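1. Need coordinates for the following:
(chains A and B)
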Amino acid sequence: NAGVTQTPKFQVLKTGQSMTLQCAQDMNHNSMYWYRQDPGMGLRLIYYSASEGTTDKGEVPNGYNVSRLNKREFSLRLESAAPSQTSVYFCASSAQGGGLAGGQRRTDTQYFGPGTRLTVL
Amino acid sequence: DAKTTQPPSMDCAEGRAANLPCNHSTISGNEYVYWYRQIHSQGPQYIIHGLKNNETNEMASLIITEDRKSSTLILPHATLRDTAVYYCIVRVGGTSYGKLTFGQGTILTVHP
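-> Sure, this is the predicted structure:
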C-alpha cells in the first residue's frame, strides 16, 4: 500500500514548454486534489475531482488542466509553462462520499503525496 | 470555511508536551477543526480532527473549548522529528468536496 504517489519528483522546464504531472492513489479513494505551495506560503488548491468523471476548479486554476483518468489517477497538465508556475505541487486524495452518519467522520481526511518540485526558467 | 489564527512560531524541549493553540472565533456549528503538519519538503500529514468533543489518537490530543472558538493540539512527548509547520484548518465535514484551506500555520521547533 503505497498511498499517494507522484511523478516526477523534480522537473525543470523552459518557459513555454508543456508537461504533465502524474498522481496515483491505491486507497480506493473517490476524491483527488492538486495543490501548489510557493515558498513561505500555505497550500492553494488548483483543481479537484470529487469523484471519477468529474473535475472542478479550485482557487488558482489558470494555466492548468486536469484529467481524472480513472479512479486511481489524476493528472495535472501545464500547457505552456511560465516562471510563475515554479512551485511545489502536491496531490492528495480522500475517501469522501456517503451521508453524514457516524461512519463519515474519517472519510474526508486528505492524504498527500510527496510532491513534485517544478522550476520554470 | 472559518478563518483560523495561529502563532507564527513556537519552541518546545524534547520530551516535553507541545501545546499548539488555534483561534477560530467565527466557527459554525457544522465545521470541524482539523490539524495537519508539514515536515520540511514533505507532503502535509493528517494528525487529528474533531467537532466539539476532545479527541485523542496515537499521534496527538485535540482539546476544543466549550464555545468551540479555540482549540489546542497537544503532542504529549515531543521529539526532534515533530519539528514541522502545524496547520489548524476549520471546514465543514462530510461535504461533497473536501478542499482544505491552509493558512500560515505555526512553525514548531523541538530542541534537544
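
2. now the strands for chain B?
-> B:9-13, B:18-23, B:31-38, B:45-50, B:55-56, B:61-64, B:70-75, B:84-92, B:106-111 (DSSP state E).

3. Of the ones you listed, which is nearest chain A?
-> strand B:45-50 (5.0 Å; Cβ to the nearest Cβ). In this view, the C-beta of every residue, glycine as well, is placed from N, C-alpha and C.

4. The closest one: partners in the sheet, and parallel or antiparallel?
-> Strand pairing for strand B:45-50, using DSSP bridges, gives strand B:31-38 (antiparallel).

5. contact partners of the partner strand?
-> For strand B:31-38, contacts defined as Cβ atoms under 8 Å, 6 or more residues apart in numbering or on different chains pick out A:109, B:1-2, B:20, B:22, B:24, B:27, B:44-51, B:60, B:62, B:64, B:68, B:71, B:73, B:82, B:84-93, B:100, B:102, B:105.

6. what about the spatially most central residue of chain A, which helix or strand?
-> Centroid check for chain A by Cα atoms, centre = their mean gives A:Trp34 as the closest residue, at 2.1 Å. Assigned by DSSP states H and E, A:Trp34 falls within strand A:31-37.

7. to the chain's geometric centre, what's the distance from stretch B:20-37?
-> Centroid displacement of stretch B:20-37 relative to its chain, using Cα atoms, centre = their mean, to the nearest Å, is 8 Å.

8. Please name the nearest non-neighbouring residue to the residue nearest in space to the middle of chain B.
-> Central residue of chain B (Cα atoms, centre = their mean): B:Trp35, 3.3 Å from the mean position. Spatial nearest neighbour of B:Trp35, excluding adjacent residues (Cβ to Cβ, 6 or more residues apart in numbering or on different chains): B:Ile47 at 4.3 Å.

9. Name whatever forms a beta bridge with A:Tyr47.
-> Beta-bridge partners for A:Tyr47, by DSSP bridges, are A:Trp34, A:Lys57.

10. what sits against it?
-> A:Tyr33, A:Trp34, A:Thr55, A:Asp56, A:Lys57, A:Gly58, A:Pro61, A:Tyr64, A:Val66, A:Leu76.

11. next one: A:Arg36
-> A:Leu43, A:Arg44, A:Ile46, A:Val60, A:Gln85, A:Ser87, A:Val88, A:Tyr89, A:Phe90.

12. neighbours of the last one, just the number please.
-> Applying the criterion other Cβ atoms under 10 Å in any protein chain shown, we find 26 residues in the vicinity of A:Phe90.

13. cool, the second one as well?
-> A:Arg44 sits with 17 neighbouring residues when counted by other Cβ under 10 Å.

14. Is it correct that it is in contact with A:Pro61?
-> No: contact status for A:Arg44 versus A:Pro61: not in contact, 10.2 Å apart, counting by Cβ atoms under 8 Å.

15. hang on, the earlier thing: any chance of the contacts of A:Arg36 in JSON lines with pLDDT and distance to B:Ala78 as columns?
-> Below are those laid out as JSON lines (pLDDT from 0 to 100; distance: Cβ to Cβ, whole Å):
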{"residue": "A:Leu43", "pLDDT": "87", "distance to B:Ala78": "24"}
{"residue": "A:Arg44", "pLDDT": "90", "distance to B:Ala78": "29"}
{"residue": "A:Ile46", "pLDDT": "94", "distance to B:Ala78": "33"}
{"residue": "A:Val60", "pLDDT": "93", "distance to B:Ala78": "34"}
{"residue": "A:Gln85", "pLDDT": "97", "distance to B:Ala78": "36"}
{"residue": "A:Ser87", "pLDDT": "96", "distance to B:Ala78": "30"}
{"residue": "A:Val88", "pLDDT": "96", "distance to B:Ala78": "26"}
{"residue": "A:Tyr89", "pLDDT": "97", "distance to B:Ala78": "30"}
{"residue": "A:Phe90", "pLDDT": "96", "distance to B:Ala78": "25"}
